[in-house]
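K.L.:
how would this look folded up:
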Amino acid sequence: MAQRVVIDPITRIEGHLRIEVEVANGKVANAWSSSTLFRGLELMLQGRDPRDAYLFTQRACGVCTYVHGLASVRAVDEAVGVKIPENARLLRNLMLGAQFLHDHMVHFYHLHALDWVDIVSALSADPKKAADLANQVSPAPNSGLNDFKEVKARLKKFVDSGQLGIFANGYWGHPAYKLPPEVNLIAVSHYLQALRQQARTARMHAIFGGKNPHIQSLVVGGVTCATDLNADRIAEFKYLWQETMDFINNVYIPDVLTVAKFYKDWGKIGGTTNFLVYGEFPQSEKEPDSFLFPRGAIFKRNFKQVQPVDIAAIEEHVKHSWYEGDKAANPFEGETKPKYDKMDTANRYSWMKAPRYKGEAMEVGPLARVLVAYGKGHAATKKAVDGTLKQLQIPPEALFSTLGRTAARALETRIIGESMEGWITQLVENLKKGDVKIYQDYEMPAEGQGAGLNDVPRGALGHFIQIKDQKIGNFQLVVPSTWNLGPRCAQNKPGPLEEALVGTPVADPKRPVEILRTVHSFDPCIACGVHVIDPKTNEVYKFRVV
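P.N.:
Numbers count the residues shown, from 1 in each chain. The predicted structure follows:
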């Protein structure tokens, strides 16, 4: 007999997400993903100056910060027909690259790793064995015997006090955890190191953006950080970039690979079918042809046949969402008319719409980008993927999984980070030649429309604007988490997360850590208690998750 498990809200994410599943024979048989947060940014923007859109949309979230600002200015760039200068392109790339490095690092250590790492198990670790193992894996700093003794002592102090601090309220001791105590101790140490590193990495945004979060230097037509384009500021940015890359190469990547070796069975769990990538990081003014990560769509996991993308084939469905009507529409014609009734998984159950491309649910994000780039023969991606598959001794099919999604995020972090060095060099060379242009003037038309298509840490992000009488007539945001976590469409096809959860093993419905693994692998951004309902007794179990 199937039983219902409700996790509401999901924690270690941004926003409010409710997951309801049916568990039968120890596995998820059906799933419903519900966003329980309504923002209404589209309604706030109507009638405003198009140039102000980025100031509002960027504040949709303090985690995604820069990316909504960039999508908005790109949408208006297209609507007014302005071509930004090369230096502006480089600076926008560098700020977006900094966002990726920071976001992916924080996601793995502080949002996702605790699904794989048993914190309390680290108390039984041998610090000497942990140090030996750590030094075999990588030349990461702070990996000596005394370092791990100190981390273990700090953790023990938490436990002895009766409070685990930042590691409280987890499923420690759950049978789904597989890491040896020494690996768990290494992970705890690197979790703490990552807390310090992410704060320093975030400073890269402030150098060219004025502040973090919510960068101030974006404008339609380019950027405005002219006074920061001097040798000292660029050198400071490059220093922080190099420090971050050292952490990525010597700590983050080795940790992901080490954890993956103990969870190879998750290379068969949590996969989806179709993938969509808008493409990102233009290498020249020729877009989308020059993108570092190419644009493309994959259907039925056939990454050897990457198809072109036509934004006219995008529709947002609302049949199972809390909005008026049930007609699907392209974002340019989309409406945002909220109409909440009740939570009903058979009818309407989410504030998210259900985006579809050519009628299909599409996964977006790191795995989609890596698959499209790999399928199109992108050299750096092919080298990274083939090397990882060989090292883990798993087949390419394992990419279509929760494990593949997590690995793809780490691999693209390195690829983007390595590309940033070239953009820094280009910027310096331009400045040396006397090219200091970072802004192109333009005229605001009475009418126009544009799409700001980004590929950001969580996936394909689109801002769609219609200008009427030089004001915003309509503005629609189709965000990555809407693609990934949206509900069923008019044809009742499940969204990617709903699809991915089916088949997930659940050893203990009262402690559904396996469900959290797949949910967190999408890095939801839409924080905190969890409710699990026993369908036989209707008893509600409440407990917190870190």
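
K.L.:
setting aside sequence neighbours, what's the nearest residue to Pro141?
P.N.:
Asn250 (7.7 Å; C-beta to C-beta, 6 or more residues apart in numbering). For the C-beta atoms, the positions are set from N, CA and C on the backbone; glycine is no exception.

K.L.:
and that neighbour, what does it touch?
P.N.:
Each residue near Asn250 by C-beta atoms under 8 Å, 6 or more residues apart in numbering is listed here: Ser138, Pro139, Ala140, Pro141.

K.L.:
can you check Ile438 too?
P.N.:
Contact analysis of Ile438 by C-beta under 8 Å, 6+ apart lists Pro85, Asn87, Ala88, Leu91, Gly222, Val223, Thr224, Cys225, Ala226, Leu229.

K.L.:
how about low-confidence regions in the protein?
P.N.:
Along the chain, the model assigns pLDDT under 70 to residues 527-546.

K.L.:
ok, the residue most central in space within it to Thr482 distance?
P.N.:
To find the centre residue of the chain, average its C-alpha atoms and take the closest one (C-alpha atoms, centre = their mean): that gives Arg458, at 2.6 Å. From Arg458 across to Thr482, the span is 10 Å (C-beta to C-beta, to the nearest Å).

K.L.:
may I ask which of the contacts of Asn250 has the most neighbours?
P.N.:
In terms of neighbours by other C-beta atoms under 10 Å, the contacts of Asn250 top out with Ala140 at 21 neighbours.

K.L.:
close enough to count as contact, that one and Ala134?
P.N.:
Yes: counting by C-beta atoms under 8 Å, Ala134 is a contact partner of Ala140 at 6.5 Å.

K.L.:
ok, and the closest non-adjacent residue to Leu389?
P.N.:
Using C-beta to C-beta, 6+ apart, the closest residue to Leu389 is Pro396 (6.3 Å).

K.L.:
just give me the neighbour total for that neighbour.
P.N.:
As a burial measure, Pro396 scores 14 neighbours (other C-beta under 10 Å).

K.L.:
what's the answer for the one 4 residues further on, then?
P.N.:
The burial metric for Phe400, expressed as a neighbour count using other C-beta under 10 Å, is 22.

K.L.:
secondary structure class for the residue nearest to it when sequence neighbours are not counted?
P.N.:
With C-beta to C-beta, 6+ apart as the criterion, Phe400 has its nearest non-adjacent residue at 3.7 Å, and that residue is Gly271. Following DSSP: H, G, I helix; E, B strand; the rest coil, the label given to Gly271 is coil.

K.L.:
what about Gly271, how many residues nearby?
P.N.:
When neighbours are counted by other C-beta under 10 Å, Gly271 registers 24.

K.L.:
for Pro487, list the residues it contacts.
P.N.:
Neighbour list for Pro487: Trp32, Ser33, Ser34, His320, Ser321, Tyr349, Ser350, Met352, Ala354, Gly495, Glu498 [criterion: C-beta under 8 Å, 6+ apart].

K.L.:
okay, and it sits in which element?
P.N.:
In the assignment (DSSP states H and E), Pro487 maps to no helix and no strand.

K.L.:
circling back: residues contacting the residue nearest to the centre of the chain?
P.N.:
Counted by C-beta under 8 Å, 6+ apart, Arg458 has contacts Cys64, Val364, Gly365, Val479, Pro480, Ser481, Asn484, Phe522, Asp523, Cys525.

K.L.:
try it again at 7 Å.
P.N.:
Contacts here follow C-beta atoms under 7 Å, 6 or more residues apart in numbering; on that basis Arg458 touches Gly365, Pro480, Ser481, Asp523, Cys525.

K.L.:
cool, Leu43 as well?
P.N.:
So Leu43 contacts Thr336 (C-beta under 7 Å, 6+ apart).

K.L.:
secondary structure element holding it?
P.N.:
Applying DSSP H and E as the criterion places Leu43 in helix 41-45.

K.L.:
contacts only, for Lys27.
P.N.:
Counted by C-beta under 7 Å, 6+ apart, Lys27 has contacts Gly503, Thr504, Pro505, Val506.

K.L.:
top of these by number of neighbours, please.
P.N.:
Thr504 (24 neighbours).

K.L.:
for it, which non-adjacent residue is closest in space?
P.N.:
Per C-beta to C-beta, 6+ apart, closest to Thr504 is Val28, 4.5 Å.

K.L.:
A helix includes that neighbour, no?
P.N.:
No: judged by three-state DSSP, Val28 forms no part of a helix; its state is strand.

K.L.:
for it, give its distance to Gly271.
P.N.:
13 Å.

K.L.:
returning to that earlier point: narrow the contacts of Lys27 to those in helices?
P.N.:
When DSSP state H is applied, the contacts of Lys27 are split such that none fall in helices.

K.L.:
and of those residues, the nearest to His102?
P.N.:
Of all the contacts of Lys27, His102 sits closest to Thr504, with 29.2 Å by C-beta to C-beta.

K.L.:
what ranges do the helices span in the stretch 351-500 of the chain?
P.N.:
Under the criterion DSSP state H, counting those that start in this stretch, the stretch 351-500 of the chain contains helices at 366-375, 379-392, 402-432, 480-485, 496-501.

K.L.:
save those as TSV, and put in distance to Ala53 and mean neighbour count too.
P.N.:
Output for these, formatted as TSV (distance: least, C-beta to C-beta, whole Å; neighbours: other C-beta atoms under 10 Å):
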stretch	distance to Ala53	mean neighbour count
helix 366-375	25	27
helix 379-392	32	16
helix 402-432	26	21
helix 480-485	18	29
helix 496-501	28	25
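
K.L.:
go through the ones you listed and name the closest to Val256.
P.N.:
Across the helices of the stretch 351-500 of the chain, closest to Val256 is helix 402-432 (C-beta to C-beta), at 4.3 Å.

K.L.:
which residues of the stretch 101-250 of the chain fall in strands?
P.N.:
Secondary structure of the stretch 101-250 of the chain (DSSP state E, counting those that start in this stretch): strands at 218-219, 222-223.

K.L.:
for the ones you listed, which one sits closest to Glu315?
P.N.:
Nearest of the strands of the stretch 101-250 of the chain to Glu315, taken as C-beta to C-beta: strand 218-219 at 29.1 Å.

K.L.:
residues in contact with Asn30?
P.N.:
Listed by C-beta under 7 Å, 6+ apart, the contact partners of Asn30 are Val21, Glu22, Val502.

K.L.:
hmm, who's touching the helix or strand hosting the second one?
P.N.:
If you go by DSSP H and E, Glu22 is part of strand 17-24. Contacts with strand 17-24, where a contact means C-beta under 7 Å, 6+ apart, come from 2-10, 28-36, 345, 485, 501, 506, 509, 515, 519, 524, 526.

K.L.:
which of the residues you listed are buried, as a PyMOL select command?
P.N.:
To isolate the buried members of the contacts of strand 17-24 in PyMOL, using 16 or more other C-beta atoms under 10 Å:
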select buried, resi 3+4+5+6+7+8+9+10+28+30+31+32+33+34+35+36+345+485+501+506+509+515+519+524+526
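
K.L.:
go through the contacts of strand 17-24 and flag which are in helices.
P.N.:
Reading helices off the contacts of strand 17-24 with DSSP H, I get Leu485, Leu501, Ile515, Val519.

K.L.:
which residues touch Phe303?
P.N.:
Contact partners of Phe303, counting by C-beta under 7 Å, 6+ apart, are Leu371, Tyr374, Gly375.
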